[in-house]
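Engineer: Take a look and give me a structure for this.
(one chain, ligands or ions: 1)
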Amino acid sequence: MTAIPSTPETWPEATPTTGPDAVGLHAPVLAWFEQNARDLPWRRPEAGAWGVMVSEFMLQQTPVGRVLPVYEQWLARWPRPADLAADAPGEAVRAWGRLGYPRRALRLHGAAVAITERHGGDVPSDHAQLLALPGIGEYTAAAVASFAYGQRHAVLDTNVRRVFARSVTGVQYPPNATTAAERKLARALLPDDERTAARWAAASMELGALVCTARNEDCARCPIARQCAWWLAGKPAHDGPARRGQTYAGTDRQVRGRLLAVLRDAVTPVEQAALDAVWHDPVQRARALDGLVADGLVEPLDGGRYRLPAG
Ligand code: SF4
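Structural biologist: Residues are numbered from 1 along each chain as shown. The predicted structure is shown next:
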């Protein structure tokens, strides 16, 4: 029997033969998903490809519970890409609210403009055309093609990577950044049939979100526990590189968040003094504000005033 590697550095050029066979994983995960999939608005038929795309932008670094209200408001206000494209990018940043990582709002606005200009306002179904849109990376293109159009693509988000790391490779956590070996493994695990592959992408992601979670995996409820390499090995502790932390307090991200909150709440341009009041350290404050301007999230005006980008 193939030895199960204990660290991400020894991650093998994995194929289904290095762990449980792919087909053996498909049936229980798909059956579990049938029973346990959450009824989320972007999974309903009426969401369409635009709804799926918006949700994927929002969900990349933000939990479902925080995304739900913003998603609903966003789709009510901008039901089609052309509606968002016709508005100023600053309105996208304002509506993004407190989802965090607000550059995503600008990227989504940029994608909406490109969809309107290049594709007549319809989110393209072709993977290469999706990938060619500004602000859309490998993950989002695969997710939209798979979830909106039922195509066969490996969709590797943090949840899926964790499920594969544990169940197939036998380690607690995947590497910090996605590796070629993970992509190869994900492709090898894809069901042949297009519809089943799209379902598998959603199901394996949901298993990672609800059962095989980062800290409190619920193996007793897991449909693939008896095939899971990490579980079968006695759940050895992570001994790879330190995992990236999620520190927020005191970081430039926190300062940026406070500065943006002032600008989001303002209906007219904001004076420097109003921004100075949000953070005690002038050096860090200036650095955060410079970063927001450089990222196109804030527009400096004459007279030391600032606003969200107008266009
Ligand atoms: S058995 Fe536990 S560790 Fe393995 S896939 Fe299921 S929840 Fe994750």
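Engineer: Quick check: residues of the stretch 101-250 of the chain near the ligand?
Structural biologist: The stretch 101-250 of the chain comes close to the ligand at residues 163, 166-167, 211-212, 217, 219, 222, 224-225, 228, 230-231, as judged by CB under 6 Å from any ligand atom. (Each C-beta comes from the backbone N, C-alpha and C, glycine too.)
Engineer: make it 5 Å
Structural biologist: Counting by CB under 5 Å from any ligand atom, the stretch 101-250 of the chain comes close to the ligand at 166, 167, 211, 212, 217, 219, 222, 225, 228, 231.
Engineer: okay, the residue lying closest to the first one once chain neighbours are set aside: pLDDT?
Structural biologist: Which is residue 166. Using CB to CB, 6 or more residues apart in numbering and skipping residues adjacent in sequence, the residue nearest residue 166 is residue 230, 4.0 Å away. The model reports residue 230 with a pLDDT of 96.
Engineer: count of neighbours near residue 230?
Structural biologist: Residues near residue 230, counting by other CB atoms under 10 Å, number 23.
Engineer: Quick one: mark the members of the residues of the stretch 101-250 of the chain next to the ligand that sit in helices.
Structural biologist: Members of these lying in helices (criterion: DSSP state H): residue 231.
Engineer: related to what we said a few turns ago, wait, what's in contact with the residue nearest to residue 166?
Structural biologist: Each residue near residue 230 by CB atoms under 8 Å, 6 or more residues apart in numbering is listed here: 4, 165, 166, 167, 169, 170, 171, 172, 236.
Engineer: Of the residues of the stretch 101-250 of the chain next to the ligand, which count as buried by neighbour count?
Structural biologist: Neighbour counting with 16 or more other CB atoms under 10 Å marks 166, 167, 211, 212, 217, 222, 225, 228, 231 as buried within those.
Engineer: OK, contacts around the residue positioned nearest the centre of the chain?
Structural biologist: Residue closest to the average C-alpha location in the chain (CA atoms, centre = their mean): residue 60, at 1.5 Å. Listed by CB under 8 Å, 6+ apart, the contact set of residue 60 reads 101, 104, 139, 140, 157.
Engineer: and the fourth one, how many neighbours?
Structural biologist: Other residues within reach of residue 140 by the criterion other CB under 10 Å amount to 23.
Engineer: Might one say that it is in contact with residue 130?
Structural biologist: Yes. Contact criterion CB atoms under 8 Å: residue 140 and residue 130 qualify, at 7.5 Å.
Engineer: for residue 46, helix, strand, or coil?
Structural biologist: helix (DSSP: H, G, I helix; E, B strand; the rest coil).
Engineer: Now for it, how many residues are close by?
Structural biologist: 8.
Engineer: before we move on, what about residue 71?
Structural biologist: With other CB under 10 Å as criterion, residue 71 counts 22.
Engineer: May I ask which helix or strand encompasses it?
Structural biologist: According to DSSP states H and E, residue 71 maps onto helix 64-77.
Engineer: So what's the gap between the helix or strand just after that helix and the chain middle?
Structural biologist: The helix or strand immediately downstream of helix 64-77 is helix 81-85, counting by DSSP H and E. In terms of CA atoms, centre = their mean, to the nearest Å, the centre of helix 81-85 is found 21 Å from the chain centre.
Engineer: Distance from the first helix or strand past helix 81-85 going along the chain to the middle of the chain?
Structural biologist: Using DSSP H and E, the next helix or strand after helix 81-85 towards the C-terminus is helix 89-96. Relative to its parent chain, helix 89-96 has a centroid offset of 19 Å by CA atoms, centre = their mean.
Engineer: Not counting helix 89-96 itself, show me its contacts.
Structural biologist: Under CB under 8 Å, 6+ apart, the answer for helix 89-96 is 70, 73-74, 77, 84, 102, 104-106, 108-110, 260, 264, 296-297, 299, 307-311.
Engineer: got the CA positions of that helix in PDB?
Structural biologist: Taking C-alpha atoms only, helix 89-96 is exported to PDB below (Å, rounded to 0.1, in the frame of the first residue of the first chain):
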ATOM      1  CA  PRO A  89     -17.200  52.200  -9.400                       C
ATOM      2  CA  GLY A  90     -17.500  54.000  -6.100                       C
ATOM      3  CA  GLU A  91     -21.100  52.900  -5.800                       C
ATOM      4  CA  ALA A  92     -19.900  49.300  -6.000                       C
ATOM      5  CA  VAL A  93     -17.300  50.000  -3.200                       C
ATOM      6  CA  ARG A  94     -20.100  51.700  -1.100                       C
ATOM      7  CA  ALA A  95     -22.500  48.700  -1.600                       C
ATOM      8  CA  TRP A  96     -19.700  46.300  -0.700                       C
END
